[in-house]
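*Asks:* Let's see this in three dimensions:
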Amino acid sequence: MTAVFDVKYRLGDVVYLLTDEDQKKRVVTGYLIRAGNFINYELACNMDTTYHVETEILTEKIYH
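*Replies:* Reported below is the predicted structural model:
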C-alpha cells in the first residue's frame, strides 16, 4: 500500500520560523508522518535539525 501526502513545503525549500526573531535560514530535509496524517517538517539549520508543524513555518522573513 502506498500513501500519498500533500505537503506545503518541499525537500530543499528554504524557510524561516515564525517564532525565531533571528530569522535563521532553515532547509526542509524531511517529513515525519504521525497518526492521523499529521505532518511534521524536519528543518536543518547548520548542524541542528528540528521538527515543526506547517503553521510555524514561513517562506519569507518577517523580522528584519
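
*Asks:* quick one: contacts for the most centrally placed residue in the chain?
*Replies:* Nearest to the mean C-alpha position of the chain, by Cα atoms, centre = their mean, lies Tyr41 at 3.9 Å. Tyr41 is in contact with Val7, Tyr9, Val15, Val28, Gly30, Tyr31, Leu32, Tyr51, His52, Val53, Glu54, Ile57, counting by Cβ atoms under 8 Å, 6 or more residues apart in numbering. C-beta here means a position set from N, CA and C on the backbone, and glycine is covered the same way.

*Asks:* Swap in 6 Å and give it another go.
*Replies:* By Cβ atoms under 6 Å, 6 or more residues apart in numbering, Tyr41 lies in contact with Tyr9, Val28, His52.

*Asks:* since we're on Ile33, how many residues are nearby?
*Replies:* Ile33 is flanked by 12 other residues according to other Cβ atoms under 10 Å.

*Asks:* Could you tell me the model confidence score at it?
*Replies:* As predicted, Ile33 sits at a pLDDT of 93.

*Asks:* Need the distance between the two termini of stretch 39-50.
*Replies:* Criterion Cα to Cα, to the nearest Å; first-to-last residue distance in stretch 39-50 is 13 Å.

*Asks:* which parts of that stretch are buried?
*Replies:* Ile39, Asn40, Tyr41, Glu42, Leu43, Cys45 (16 or more other Cβ atoms under 10 Å).

*Asks:* Report the distance from that stretch to the chain centre.
*Replies:* When distances are taken as Cα atoms, centre = their mean, to the nearest Å, stretch 39-50 is centred 7 Å away from the chain's centroid.

*Asks:* got it, and stretch 34-42?
*Replies:* For stretch 34-42, the distance to the chain centre is 11 Å (Cα atoms, centre = their mean).

*Asks:* same question, stretch 3-18
*Replies:* 6 Å.

*Asks:* now do stretch 26-34
*Replies:* Worked out by Cα atoms, centre = their mean, stretch 26-34 lies 6 Å from the chain centre.

*Asks:* Report the buried residues of that stretch.
*Replies:* Arg26, Val28.
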